[in-house]
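Got a sequence here, can you model it:
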Amino acid sequence: MAKYIGAVDQGTTSSRFIIFDKKGRIVGMDQKEHEQIFPKPGWVEHNPMEIWENTQEVIKGALQKSGLKGSDIAAIGITNQRETTVIWDRNTGKPYYNAIVWQCTRTDQICKELMAEGGQDRFREKTGLPIATYFSGPKMKWIMDNVPGVRAAARKGDALIGTMETWIIWNLTGGAKGGAHVTDVSNASRTMLMDLATLEWDKEILDIMDVPQEALPRIVSSSDNETWGSTDEHGPLGARVPVCGALGDQQAALVGQACFDTGEAKNTYGTGCFMLLNTGTKPIQSKQGLLTTVGYKFGNEETVYCLEGSIAIAGALIQWLRDNLNIINSAPEVEALAASVEDNGDVYVVPAFQGLFAPYWRSDARGVIAGLTRFANKGHIARACLEAVAYQTRDVLEAMNKDSGVDLTALKVDGGMVMNELLMQFQSDCLCVPVIRPQVTETTCLGAAYAAGLAVGYWSSIDDLRANWAVDKTWDPKLSKEEREKGYAGWKKAIERTFDWVE
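Numbers count the residues shown, from 1 in each chain. Alright, predicted model coming up:
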């Protein structure tokens, strides 16, 4: 049997290919950023062709760097920025329009019209989701409403609709020459079009949104031993390798963190910030502004569900400090700058750049810096930016505790920002629980690799995956209750200042 598993991580800012061994250790990796396109305020797009080109390049790059051949890879998994939506021509493989990114707020009017009958929770009972610009269904509708001929092509069977894993799988498995048009249950559960109970597209919602079902991908398990197809000798791997695992990026991190037991949770600190709590094999409807979502489904086993708190801006706030304000030259510098002051100097930054996600769901909110005095300096602003990430996480955790009735005992963390020790310590102080960083922090890619590896028997069960997980570092809370609650009360005041900005 081939010795390794490969995983494509098609993220918001870059695409990567990572090769893992049996112990879940990285043996090869390559990464390439793609352009962020902002045609109007609040609009965010990606070029799907650029992303597919980059995906091919990083696959070749990781093989080259590790000295491996495509035939050394037993299977490939895909993980992806969720909700980002693309529609393309099945005959030419060319997109009709740029991919509309999960952060994009252009569907605000569509969402308001959908809410006019039945309010924000109109589809929540079936889909687990509130009506929001975040999800894929309204993006699909927007493209078909605004790009001439696309809806007709979709009805005729010439146009294919998908999120980014669907686009990558289709291209990897043959593209216009018979590529597999599939989406896994975790990604399908983020469209606002799938019934959580049946795991099928909901005809009633499709009719309301005017999305033709014939253009949508087939919904499949996250780990599927009836492989959707293989790469071919002429592709970037130069070999036939089964493509048989897919998970949305946050669900992939849950799997990579081995959160297989009910009550286990992880938080990923990337462009946004996403906390997922495993709630077992029955979906729990949130009363606190969280999302009910599919965690994963391995083969024919029961579906595992999650509660999720999604935060739009986390690492992107540090990029904003670097690129827009020029307060730092590189993202890692933020830690030293934040550490140059003792505390936040009563300064709070709320990064509601595109509204607020969980648990508020306020598209009318916009970012604020509150509490400024002549005493405040760039160190306080840097520190307030880091603290904003931790405070947003606490907002989500408070909601999770109320919904699930389960108090969190520890938080497993991953993503780019977990190397920031000041943030990790403050996160522990803010939540009053231990924060645990694993040895392999590339848990998103690892989760996709696990899904593919389980499908082909490279790993025999989730016990193998549990055994791979190991602690790198733990942070324990040090802040007094009084200091913690005083800081959080200031945050809640700052949050209220962001509401009703957009009329």
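
In contact with Ala455, which residues?
75, 223-225, 227, 242, 244-245, 299 (C-beta atoms under 8 Å, 6 or more residues apart in numbering). From N, CA and C alone the C-beta is placed, and that goes for glycine too.

Out of those residues, the closest to His380 would be?
The nearest member of these to His380, counting by C-beta to C-beta, is Gly245 at 44.6 Å.

Three-state assignment for the closest one, please.
Recorded secondary structure, Gly245: strand (DSSP: H, G, I helix; E, B strand; the rest coil).

what are the bridge partners for it, then?
Going by DSSP bridges, Gly245 is paired in beta bridges with Gly77, Ser223.

Surely it touches Cys445?
No: using C-beta atoms under 8 Å, Gly245 makes no contact with Cys445, being 11.1 Å away.

Those two: who's more crowded?
The residue with more neighbours, out of Gly245 and Cys445, is Gly245; 36 against 28, by other C-beta atoms under 10 Å.

returning to what we had before: can you tell me which of the contacts of Ala455 are buried?
Among these, those scoring as buried are 75, 223-225, 227, 242, 244-245 (criterion: 16 or more other C-beta atoms under 10 Å).

Check these and tell me the two furthest apart.
Spatial extent of the buried ones among the contacts of Ala455 (C-beta to C-beta) is set by the pair Ser223 and Pro242 at 11.6 Å.

So Lys287 sits against Ser404, correct?
No: contact criterion C-beta under 8 Å: Lys287 and Ser404 do not qualify, at 10.8 Å.

Neighbour count for those two, which is higher?
Ser404 (20 against 9).

how far away is Asn267 from Asp464?
24 Å (C-beta to C-beta, to the nearest Å).

okay, the contacts of Ala455 in JSON lines with distance to Glu387 and pLDDT next?
Output for these, formatted as JSON lines (distance: C-beta to C-beta, whole Å; pLDDT from 0 to 100):
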{"residue": "Ala75", "distance to Glu387": "41", "pLDDT": "96"}
{"residue": "Ser223", "distance to Glu387": "38", "pLDDT": "93"}
{"residue": "Asp224", "distance to Glu387": "42", "pLDDT": "88"}
{"residue": "Asn225", "distance to Glu387": "45", "pLDDT": "81"}
{"residue": "Thr227", "distance to Glu387": "46", "pLDDT": "79"}
{"residue": "Pro242", "distance to Glu387": "45", "pLDDT": "95"}
{"residue": "Cys244", "distance to Glu387": "42", "pLDDT": "95"}
{"residue": "Gly245", "distance to Glu387": "37", "pLDDT": "96"}
{"residue": "Gly299", "distance to Glu387": "43", "pLDDT": "91"}
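
Please, where are all the helices along the stretch 51-200 of the chain?
108-116, 124-127, 136-146, 150-156, 164-172, 185-188 (DSSP state H, counting those that start in this stretch).

Gly367 is nearest to which of those?
helix 108-116 (16.8 Å).

Which residues does stretch 96-107 contact?
Contacts of stretch 96-107 (C-beta under 8 Å, 6+ apart): 12, 37, 40, 42-48, 51, 81-89, 133-134, 138-139, 141-143, 147, 149-150, 153, 159, 164, 167, 271-272, 312, 354-355, 363.

what about that stretch, distance to the chain center?
Relative to the chain's own centre, stretch 96-107 is displaced by 15 Å; criterion: C-alpha atoms, centre = their mean, to the nearest Å.

in it, what's buried?
So for stretch 96-107, counting by 16+ other C-beta under 10 Å, buried means 96-107.

For that stretch, give the mean pLDDT please.
Across stretch 96-107, the average pLDDT comes to 94.

that older thread, can you list residues touching both of Ser223 and Pro242?
452, 455.

any idea how far Lys40 is from Asp395?
29 Å.

Could you check which of those two has the larger neighbour count?
Using other C-beta under 10 Å as the criterion, Asp395 and Lys40 rank with Asp395 on top: 23 against 9.

any idea which of the contacts of Ala455 is closest to Leu206?
Closest to Leu206, out of all of these and judged by C-beta to C-beta, is Asp224, at 23.5 Å.

Of Asn267 and Asp464, which one has the most company?
Ranked by neighbour count (other C-beta under 10 Å), Asn267 and Asp464 place Asn267 first, with 31 against 17.

Nearest residue to Ala339 in space, please, no chain neighbours.
If the residues on either side of it in the chain are set aside, Ala339 comes closest to Leu422, at 5.7 Å by C-beta to C-beta, 6 or more residues apart in numbering.

how far away is the one you found from Val389?
11 Å.

what about Lys94, how many neighbours?
Lys94 - counted by other C-beta under 10 Å - has 10 other residues nearby.

Can you tell me how far the closest residue to it other than its chain neighbours is from Pro95?
Nearest residue to Lys94, sequence neighbours excluded (C-beta to C-beta, 6+ apart): Trp88, at 6.2 Å. In this structure, Trp88 and Pro95 are 4 Å apart, going by C-beta to C-beta.

Check the offset of stretch 324-331 from the chain's centre.
24 Å.

again, but for stretch 53-72
Put simply, stretch 53-72 sits 24 Å off its chain's centre (C-alpha atoms, centre = their mean).

Residues touching that stretch, excluding its own?
Contacting residues not belonging to stretch 53-72 are listed as 2-4, 6, 8, 10, 14-19, 27-32, 34, 168, 171, 231, 235-239, 241 [C-beta under 8 Å, 6+ apart].
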